[in-house]
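**Student:** Show me the folded form of this:
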Amino acid sequence: MDLDYIILIGIVLIAGSTLQSAAGFGFGMFAIPILILMGSQSYEAITIIAICSAVQTIIGAYTLRAHIHWKQAAGLTAVAVVFIPAGIWVQHQITFLDTGTIRQIFGGIILTVLTVQWLWRAEPVEHLHWKWGAAAMILCGFMAGVSGMGGPPLIMWVMAHSWSNERSRATIWAVFTGLTPLQLLFLYQRFGDPTLTAMGTGALLTPAVLLGLLPGLWIGRRIPKPTLRRASYVILLIISLYAILQPAIATALTASN
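**Tutor:** Coordinates of the predicted model:
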């Protein structure tokens, strides 16, 4: 990767971190498809984002460690880990497709997640049947392997509980603190040395994630949460639709020239 490209990745990471800090979600769904649209391989984009996200999850989990139910978090992580290799195998098959199709697949994944999150309604309760947790973590692990975006199923499951804000965030961060190293290991086993380069890029650009925290928090304090969530949905929707339509747009532009 040349310097200009690394700088562009850093700008994407700052923007994604700002979105995450302001609205509370969206880092991976924002940054991964944009990196792919910029020319990164899917596994490179996923690896970079996994490294950068790990900083936030580790710090968050440590800060709120008193609110973590360790046995529950370990069980959730164990279920998700089992299904990461299956997702990475599917991702590996996707890499043999043409670039436009890969972009469309990732755009479709984001569009599906946004639609489910928009339509999903659940009255929070203290306890859910264990089958819901198992289903959420199976999907979480598989999606983490396929797209690097395993957060939505876990977040939706956590939000279905009437837990405190601290316990909710601590549970999410604890699971991904345990999940990310194994996700990176499986990516390396499947894709080899290019993932090491991507890990180095992610580590190098981790300060970019931290640069996005303060402006994101500043925005989050001044704009109502519902407004921020709607704006975030619109931004992610535009990205997903562009990724889906980009091959057709490129063909149309080529034909017009």
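**Student:** got the residue ranges for the helices in the stretch 151-257 of the chain?
**Tutor:** 151-159, 165-191, 194-204, 206-211, 213-222, 225-256 (DSSP state H, counting those that start in this stretch).
**Student:** so what does the first one touch, helix or strand wise?
**Tutor:** Read it as helix 151-159. helix 99-119, helix 130-147, helix 165-191 (3 or more Cβ pairs under 8 Å, 6 or more residues apart in numbering; DSSP states H and E). Every residue, glycine included, has its C-beta placed from N, CA and C.
**Student:** Give me the most central residue, the protein.
**Tutor:** Nearest to the geometric centre of the chain sits residue 28, at 2.9 Å (Cα atoms, centre = their mean).
**Student:** In a markdown table: the helices and strands packed on helix 151-159, plus mean pLDDT and distance to residue 207.
**Tutor:** Listed next are the helices and strands packed on helix 151-159 as a markdown table, based on pLDDT from 0 to 100; distance: least, Cβ to Cβ, whole Å:
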| stretch | mean pLDDT | distance to residue 207 |
| --- | --- | --- |
| helix 99-119 | 91 | 26 |
| helix 130-147 | 93 | 24 |
| helix 165-191 | 91 | 18 |
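**Student:** Could you dump these into TSV with distance to residue 219 added?
**Tutor:** Shown next, in TSV, are these (distance: least, Cβ to Cβ, whole Å):
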stretch	distance to residue 219
helix 99-119	20
helix 130-147	26
helix 165-191	19
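**Student:** I'd like the ones you listed as CSV, with mean neighbour count appended.
**Tutor:** Output for the helices and strands packed on helix 151-159, formatted as CSV (neighbours: other Cβ atoms under 10 Å):
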stretch, mean neighbour count
helix 99-119, 17
helix 130-147, 20
helix 165-191, 20
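**Student:** can you tell me which of the ones you listed comes nearest to residue 158?
**Tutor:** helix 165-191 (5.0 Å; Cβ to Cβ).
**Student:** Give the other helices and strands that the one helix or strand residue 77 maps to contacts.
**Tutor:** Taking DSSP states H and E as the definition, residue 77 sits inside helix 70-94. If contacts are counted by 3+ Cβ pairs under 8 Å, 6+ apart, helix 70-94 sits against helix 42-63, helix 130-147, helix 165-191.
**Student:** Adding distance to residue 157 as columns, could you present the ones you listed in CSV?
**Tutor:** Shown next, in CSV, are the helices and strands packed on helix 70-94 (distance: least, Cβ to Cβ, whole Å):
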stretch, distance to residue 157
helix 42-63, 17
helix 130-147, 4
helix 165-191, 9
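**Student:** Determine which of these approaches residue 256 most closely.
**Tutor:** Once the helices and strands packed on helix 70-94 are compared by Cβ to Cβ, helix 42-63 is nearest, at 29.3 Å.
**Student:** low-scoring stretches of the protein, by residue?
**Tutor:** 1, 24, 257 (pLDDT under 70).
**Student:** Since that was my last question, I'll sign off now.
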